[in-house]
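Visitor: build me a structure from this.
(one chain, ligands or ions: 1)
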Amino acid sequence: MLNVNLNELKTIIEINSWTKNKQGVDKVGELFASWMQALDYTLEKHTREHIGNHLHFKSPKKEGKKLLLLGHIDTVFPPDSFEKFTEDETWIYGPGVCDMKGGNHVALQSLRNVYKKYSQIHNIDFLLVSDEETGSDDSKYLSAAIAKEYDYCMVFEAAGVNEEIVVGRKGVGTFFVDIEGKAAHAGNHYSDGADANLEAAHKIVELIALTNLDKQTTVNVGKIKGGIGANTISPQAHLIFELRYTTTDERDRVLEAIDKIIAHSHVKGTVSTLSGGIQRDVMQPSPEQMAFVDKINTLCNITLPTEKRGGVSDANVISAQGVATLDGWGPFGDGDHTIDERASKKSFEDRITLVTQIFEHFLEGRI
Ligand SMILES: [Zn+2]
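Guide: Numbers count the residues shown, from 1 in each chain. You can find the predicted model right below:
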């Protein structure tokens, strides 16, 4: 008997909840609210005007550890691009089935299982945010603020191919460089100009040189724009670059170096300014996090496979607040962010079974 409620999953998957579709995101949120209220959860709704509301479901509190479950209800699919739910023997297909409506549903089903057993749930809360797919620019402040109330966090993004949980994620930042030079006729007044494009070229080489592949630190200048035409010394250039890193030491090294690169002009008469910054800080494995894994392994008599990922999630935000955070509690799936997105039925079953056990141990005070 399948632990996963396919009808409910179908309902939430077929509601378009693209990040910019506030109505759709809120509709999915309302369904979760009705399901969570049936488990005696109270809802703290963080209403937003232009994006979907963030929903913080709270259970009664007792002495002892507090656990936060975390998911997002938005997807990357605009209306009419991918809205269909289908299934075969092995897979469920649909927008958000692994990223991450499916994961949210794993959390819900596991909560239902323990509610059925104990008739009450305490100290386990559930946060559903509405803007993860555009970088959690709004919700990251809420997530970071409430993180302090919790000892542990389980994030229900998709599992790895062997049902790994995620213990590390790179930090990421996006930066913009505006270079101001001085225009001049390239024939008549060549020496009067201050070439912003040439300055940009120096900066690109310097920025990319901050990459350290051994430490998995990468700097990518992904976009450049500059100049007017072949006969004019370029008065302006713009760069957009991204930094990804796996440790706070590397973050600090690169940030310091970026400031120096921006401050120093190779081409006399050019001035550069930097904007942007770190979007989501690194999720770095910690002793508290490893202790959480060890407890689960011992209590559930398993050896949880773990992995680190280059991509970010809201786990980065919570983990950066010092909460023992584990990600990847959703089902295994692939094709996320494409119209081939799917999740494995077996992994739904496996995850609900395991997460239910973890909740039981937690509620009985063993975690
Ligand atoms: Zn995603």
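Visitor: which residues of this structure fall in helices?
Guide: Residue ranges of the helices in the chain, as given by DSSP state H, are 6-14, 22-37, 101-118, 139-147, 196-208, 248-263, 287-300, 314-319, 345-363.
Visitor: residues in contact with the fourth one?
Guide: If I follow you right, that is helix 139-147. For helix 139-147, contacts defined as C-beta atoms under 8 Å, 6 or more residues apart in numbering pick out 46, 54, 56, 68, 70, 72, 127, 129-132, 136, 153, 280, 314, 317-318, 320-323. Yep, even glycine has a C-beta here, placed from its N, CA and C like the rest.
Visitor: show me which of those residues are buried.
Guide: Buried subset of the contacts of helix 139-147 (neighbour count, 16 or more other C-beta atoms under 10 Å): 54, 56, 68, 70, 72, 127, 129-132, 136, 153, 280, 314, 317-318, 320-321, 323.
Visitor: distance check, the residue nearest the centre of the chain against Arg169.
Guide: Nearest residue to the geometric centre of the chain (C-alpha atoms, centre = their mean): Ser313, 1.6 Å. As judged by C-beta to C-beta, to the nearest Å, Ser313 and Arg169 stand 6 Å apart.
Visitor: between those two, which contacts overlap?
Guide: Contacts common to Ser313 and Arg169, judged by C-beta under 8 Å, 6+ apart, are Met283, Asp327.
Visitor: coming back round to it: so which of the contacts of helix 139-147 are in strands?
Guide: His46, His54, His56, Leu68, Leu70, His72, Leu127, Val129, Cys153, Arg280 (DSSP state E).
Visitor: circling back to that earlier point, let me know which of the helices of the chain is the nearest to Pro78.
Guide: When those are compared by C-beta to C-beta, helix 22-37 sits nearest Pro78, at 10.3 Å.
Visitor: send the alpha carbons of that closest one over as PDB?
Guide: C-alpha atoms of helix 22-37 as PDB (Å, rounded to 0.1, in the frame of the first residue of the first chain):
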ATOM      1  CA  LYS A  22       1.000  34.700  -6.300                       C
ATOM      2  CA  GLN A  23      -2.500  33.400  -6.700                       C
ATOM      3  CA  GLY A  24      -1.300  29.900  -7.600                       C
ATOM      4  CA  VAL A  25       1.300  29.800  -4.900                       C
ATOM      5  CA  ASP A  26      -1.300  30.900  -2.300                       C
ATOM      6  CA  LYS A  27      -3.700  28.300  -3.500                       C
ATOM      7  CA  VAL A  28      -1.200  25.500  -2.800                       C
ATOM      8  CA  GLY A  29      -0.400  27.100   0.500                       C
ATOM      9  CA  GLU A  30      -4.100  27.100   1.500                       C
ATOM     10  CA  LEU A  31      -4.300  23.400   0.800                       C
ATOM     11  CA  PHE A  32      -1.300  22.700   3.000                       C
ATOM     12  CA  ALA A  33      -2.900  25.000   5.700                       C
ATOM     13  CA  SER A  34      -6.100  22.900   5.700                       C
ATOM     14  CA  TRP A  35      -4.100  19.700   6.000                       C
ATOM     15  CA  MET A  36      -1.800  21.000   8.700                       C
ATOM     16  CA  GLN A  37      -4.800  22.400  10.700                       C
END
